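Chemist: I need the structure of the sequence given here:
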Amino acid sequence: MHDEQTRDHFIEMNAREYGPIYNYINWITEERARLATQERARLLHTPGISVSCLGTKIHHGPLSPGCRQCSGLAWSCLFISGRCNGRCFYCPAPQNMDDPPMSGSVPFHHAQDYADYVRFFGFGGASVSGGEPFLDFDKSLAFVQALRRTCDPALHIWLYTNGILVTEDKLQKLAAAGLNEIRFDIGATDYDLKFARQAAGIVGTVTVEIPAIPEEAEHLETLLPELTAAGVSHLNLHQLRLTPHNARHLLEHDYTYIHGPKVTVLESELYALKLVAHAAESKLTLAVNYCSFVYKYRFQAAASRGRFGVLLLEHGELLTDSGYIRTPATAPTVTRLGSKPPVPGKKDPLETSFVGSPTYTAAFVRPLANPEFAHREISVSADFTVFLERHPARPTVGAAASAPVADPGTAGLYQPSLEESCEWITPGLGVCF
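Modeler: Model (predicted):
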């Protein structure tokens, strides 16, 4: 789609999702967008900042081992349940659902089934999230144990927690089971670092992962040296996102909201970039990573499409860089290479070509088959089966003929774009509108 068409599509989509409260949302103005874009560009050119994942991930220092698996399109996330004991105003989900362990749309009632799934599809990293995994500690521990005994020894396993129910004994059990990394949302505990201190020296990598809350900017900046002293090696910052669930809380704050595939908070991104820039300028030991919403939206979706799509390829089909299955429009035409007449009894090299515009489909993993879509049954193990479905992809009308080019002035940076393509992942941070 052209940027203008895509812009209108997202605005209409957000108007439908938020209904009556849409007109009460403090949407960004054209002038605010212009100034914010200038400020963001200035921060992105701070000396020492690293840029990766086509300019959607901005960081100082190395990414955590788990983030490297994610950015390498090799991560599987298991949500142990939909229950949480935290009451974070920014949480995008209700966190009061007693769901079974889920990855995507697939439930896993047995830890061994999930371990077999991770092994079969060749994931390089797997995480246990929630909800709050320590509310279901025995179940979470069982999944970590199954992953470690079943999968490649190099599999990186990590777990997310708010820390409220963490104890040294439980940390020791997780480490003994093979947990490599633990991530704390210290926003749920008023930025208390005692749980991170407990984990340091027990779990190999201790990470703090929180949304970038503008009101906490000064507090968190002064806390950075304490994070290092507590044994934290990585700080991951996310962009605040408005959802129908958290709207009544977020709209009480003086935030500016940006349209897109999901509604995000402008000040949250600017604050995260300021903190990364501060860490780079101060040459901190602590690694600070801004994991933008557009990174999640683009890269994590592409990873899923590609991992499952490769098992659905048929004659002449290819996977694109963004994980879509590209199907030629017509039957292949086979021609002989070279201009010399054919030699009797000798096979000449052949060239296969296709005529017309290709079509695109996306692969999705499902627990049951939907007869509406072409699908393939996959026996992950003797006891567990999933289905891979092919869904038609939205046409990319007006997409550029060639992949975008990075800013020649700064390695890895791209201009913000709404351009969507089934051929490549859209680069750059989100457009402010």
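Chemist: For the nearest residue to residue 278 once chain neighbours are set aside, grab the count of nearby residues.
Modeler: For residue 278, ignoring the flanking residues on the chain, the nearest one in space by Cβ to Cβ, 6 or more residues apart in numbering is residue 221 at 6.2 Å. Any C-beta I mention is one placed from the backbone N, CA and C, and that applies to glycine too. When neighbours are counted by other Cβ atoms under 10 Å, residue 221 registers 15.
Chemist: before we move on, what about the one 3 residues further on?
Modeler: The criterion is other Cβ under 10 Å. On that basis, residue 224 has 19 neighbouring residues.
Chemist: Return the distance of it relative to residue 279.
Modeler: To residue 279, residue 224 is 7 Å away according to Cβ to Cβ, to the nearest Å.
Chemist: which neighbours do those two share?
Modeler: Common neighbours of residue 224 and residue 279, using Cβ atoms under 8 Å, 6 or more residues apart in numbering, are 286, 288.
Chemist: Need phi/psi at residue 104.
Modeler: phi 60, psi -130 (degrees, to the nearest 10).
Chemist: Surely it and residue 304 touch.
Modeler: Yes: with contact defined as Cβ atoms under 8 Å, residue 104 reaches residue 304; the gap is 7.1 Å.
Chemist: Same drill for the two, tell me which one is more crowded.
Modeler: residue 304 (19 against 16).
Chemist: any idea where the helices of the stretch 301-433 of the chain begin and end?
Modeler: 301-309 (DSSP state H, counting those that start in this stretch).
Chemist: The stretch 51-200 of the chain too?
Modeler: Counting by DSSP H, counting those that start in this stretch, the helices of the stretch 51-200 of the chain are 65-71, 111-120, 137-150, 168-177, 194-199.
Chemist: Turn these into a markdown table, including mean pLDDT, distance to residue 250 and mean neighbour count.
Modeler: As requested, the helices of the stretch 51-200 of the chain are arranged in a markdown table below (pLDDT from 0 to 100; distance: least, Cβ to Cβ, whole Å; neighbours: other Cβ atoms under 10 Å):
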| stretch | mean pLDDT | distance to residue 250 | mean neighbour count |
| --- | --- | --- | --- |
| helix 65-71 | 97 | 26 | 22 |
| helix 111-120 | 98 | 33 | 22 |
| helix 137-150 | 98 | 29 | 20 |
| helix 168-177 | 98 | 32 | 16 |
| helix 194-199 | 97 | 26 | 20 |
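Chemist: Could you tell me how many residues sit around residue 360?
Modeler: Using other Cβ under 10 Å: residue 360 sits among 20 other residues.
Chemist: typo on my end, residue 42
Modeler: That count, for residue 42 with other Cβ under 10 Å as the rule, works out to 11.
Chemist: Likewise for the one 4 residues further on?
Modeler: Other residues within reach of residue 46, judged by other Cβ under 10 Å, total 17.
Chemist: For the remainder of this discussion, apply numbering that starts at 328.
Modeler: All set: I'll call the first residue 328, so the last point we hit is now residue 373.
Chemist: Wait, it touches residue 608, no?
Modeler: Yes: if you go by Cβ under 8 Å, residue 373 and residue 608 touch, sitting 6.4 Å apart.
Chemist: coming back round to it: quick one: the residue nearest to residue 605 and residue 599, what's the gap?
Modeler: 12 Å.
Chemist: do residue 614 as well
Modeler: Remark: distance between residue 614 and residue 599 (Cβ to Cβ) = 14 Å.
Chemist: Comparing those two, which residue is more hemmed in?
Modeler: Per other Cβ under 10 Å, whichever of residue 614 and residue 599 has more neighbours is residue 599, with 27 against 22.
Chemist: for the more buried one, helix, strand, or coil?
Modeler: Recorded secondary structure, residue 599: helix (DSSP: H, G, I helix; E, B strand; the rest coil).
Chemist: Which residues are in contact with it?
Modeler: 385, 539, 564-566, 617.
Chemist: which residues does residue 553 contact?
Modeler: If you count contacts by Cβ under 8 Å, 6+ apart, then residue 553 has residue 520 around it.
Chemist: And the helix or strand harbouring it, what's buried?
Modeler: If you go by DSSP states H and E, residue 553 is part of helix 544-556. Within helix 544-556, the residues that count as buried by 16 or more other Cβ atoms under 10 Å are 544, 547, 550-551, 554.
Chemist: Among the contacts of residue 599, which one lies nearest to residue 510?
Modeler: Set against residue 510, the nearest of those by Cβ to Cβ is residue 565 (11.4 Å).
Chemist: what residues are up against the closest residue to residue 740 other than its chain neighbours?
Modeler: Excluding the flanking residues, the one nearest residue 740 by Cβ to Cβ, 6+ apart is residue 734, at 4.2 Å. Residue 734 sits next to 740-742 when contact means Cβ under 8 Å, 6+ apart.
Chemist: so can I have a markdown table of these showing distance to residue 357 and pLDDT?
Modeler: Listed next are those as a markdown table, based on distance: Cβ to Cβ, whole Å; pLDDT from 0 to 100:
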| residue | distance to residue 357 | pLDDT |
| --- | --- | --- |
| 740 | 23 | 92 |
| 741 | 22 | 93 |
| 742 | 18 | 89 |
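Chemist: That's all I had, so thanks and see you.
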